[in-house]
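> Quick one: sequence and predicted model below, then my questions.
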Amino acid sequence: MSNDSQRNSAFNAAANSKVYHARLDDIAQFTPEKINHLSRGGIRQGASRTTAEMQQMLDKVPPSQRAGIDGQSAAYKVKEYLSDKDASHIKSHNRGGSSQPNNIKWENKSINRARGDRNMTRQEQRSLNTAAQIENLTGAIKAGFGAIPKGAAIGAITTAPFSMLRNGLRVVRGEISAQDAVKETGKKTVIGAGVGAATAFTVTTMATACPPIAIALAAISPALWVAGGASLTYEFFKILSDHKKAVRAYYESMTEQELQYLSQVEAALIYEHEKTMSVLDEQEQLTEIIVNRPRESGVQGAMQRYMESRQIYQSLQNLPAQSLKASKQNILPPINDK
């Protein structure tokens with residue numbers, strides 16, 4: 001899998017990660033019964049909390065316990081979290097403690113009511129803080145795991161088309177078989193899904209546990225979409241460019257091989273030509289020997305010449321032409337005069 005594909009999977013998975021933390025408007029719209037919990041929780045008598053104080057009470061809910069993919073889901077998370085919680089006073093109301101948000105912590109109802117009018121100890125405060133951090137972390141991790149399937153799907157969808165294109169062109173170039181292309185595409189798609197899943201898990205977990213990161217993610221999400229789109233376009237044209245370069249290199253390589261082959265053929269033809277010319281030279285010398293034989297007059301001379309010619313013909317039938325030497329070779333046996 002190329003770095004471009006991994007980057008595209010990460011960009012798209014991050015851009016599709018949605019984390020939304022509940023606001024007071026969301027509570028009022030989707031879970032209005034919890035508005036009173038925020039405005040009057042821990043107050044025995046007197047005026048309700050202001051909007052700013054209500055927001056502070058909402059912020060005391062661990063971030064992951066008030067996070068969702070939209071306002072409705074986030075509001076229901078808050079409702080679920082506060083279902084067994086009291087607004088517990090750090091300094092007891094009966095001992096002069098106020099109902100201001102800085103003197104309130106969300107605490108399990110049974111524990112709060114068992115304490116009665118006793119002030120909350122430092123150990124109890126530390127325990128509540130630790131419990132809230134654990135709830136925030138576990139809730140964030142749970143949200144991260146919930147984002148994995150979508151991230152994996154986005155990563156696979158982002159990777160698969162480009163992997164198919166890349167490996168399909170490799171099949172066209174004869175580098176791999178169709179079966180290998182299918183295997184390679186499947187492997188790269190799985191890797192892309194893994195990158196998308198890991199990105200979605202990481203981004204969602206961090207954004208869920210830390211609202212500022214969620215706000216930043218929402219702000220840069222359009223930029224991630226643009227960057228992802230630009231990266232996809234770049235990868236597409238890069239694949240085509242790489243294919244063009246590979247094809248050019250292939251044909252250049254083929255040309256060099258053909259030149260080497262032609263050179264070998266030329267050398268073989270030259271060898272055969274020289275061999276043929278050598279045979280022709282031998283035949284020419286033999287012809288000169290035959291033609292330039294001494295000529296004797298009379299019937300006796302003609303008969304002798306005839307017998308020599310017949311013997312030459314018979315000797316050529318038994319010996320290859322290459323073995324006939326031009327000179328100093330006894331082609332004709334001696335003639336016995338009778």
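Structure's in. What do you need? Numbers count the residues shown, from 1 in each chain.
> now the helices for the stretch 151-300 of the chain?
For the stretch 151-300 of the chain, the helices defined by DSSP state H, counting those that start in this stretch cover 178-209, 211-291, 298-318.
> what's the most buried one of those helices?
The highest mean neighbour count among the helices of the stretch 151-300 of the chain, using mean count of other Cβ atoms under 10 Å, belongs to helix 178-209: a mean of 21. The way it works is simple: take the backbone N, C-alpha and C, and place the C-beta from them, glycine included.
> Can you spell out which helices and strands pack onto it?
helix 3-15, helix 122-172, helix 211-291 (3 or more Cβ pairs under 8 Å, 6 or more residues apart in numbering; DSSP states H and E).
> In this structure residue 19 contacts residue 143, no?
Yes: using Cβ atoms under 8 Å, residue 19 makes contact with residue 143 at a distance of 7.3 Å.
> tell me, what's touching the two both at once?
Common contacts of residue 19 and residue 143, defined by Cβ atoms under 8 Å, 6 or more residues apart in numbering, comprise 67, 204, 208.
> Contacts only, for residue 207.
Residues near residue 207 by Cβ under 8 Å, 6+ apart: 17, 19, 67, 213-214, 217.
> Kindly recompute the last result at 6 Å.
By Cβ atoms under 6 Å, 6 or more residues apart in numbering, the residues touching residue 207 are 19, 213-214, 217.
> Any regions of the stretch 1-150 of the chain where pLDDT drops low?
For the stretch 1-150 of the chain, the stretches with pLDDT under 70 are 1-5, 7, 11.
> go with 90
For the stretch 1-150 of the chain, the stretches with pLDDT under 90 are 1-18, 42, 44-47, 93-97, 99, 116-117, 150.
> Tell me where it has strands.
With DSSP state E, counting those that start in this stretch, the ranges of strands along the stretch 1-150 of the chain come out as 20-21, 67-68, 85-89, 104-108.
> Adding distance to residue 43 and mean neighbour count, write those out as a markdown table.
Listed next are these as a markdown table, based on distance: least, Cβ to Cβ, whole Å; neighbours: other Cβ atoms under 10 Å:
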| stretch | distance to residue 43 | mean neighbour count |
| --- | --- | --- |
| strand 20-21 | 25 | 23 |
| strand 67-68 | 27 | 23 |
| strand 85-89 | 8 | 20 |
| strand 104-108 | 10 | 21 |
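> Same list (the ones you listed) but as JSON lines, adding distance to residue 300.
As requested, the strands of the stretch 1-150 of the chain are exported to JSON lines (distance: least, Cβ to Cβ, whole Å):
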{"stretch": "strand 20-21", "distance to residue 300": "131"}
{"stretch": "strand 67-68", "distance to residue 300": "132"}
{"stretch": "strand 85-89", "distance to residue 300": "147"}
{"stretch": "strand 104-108", "distance to residue 300": "146"}
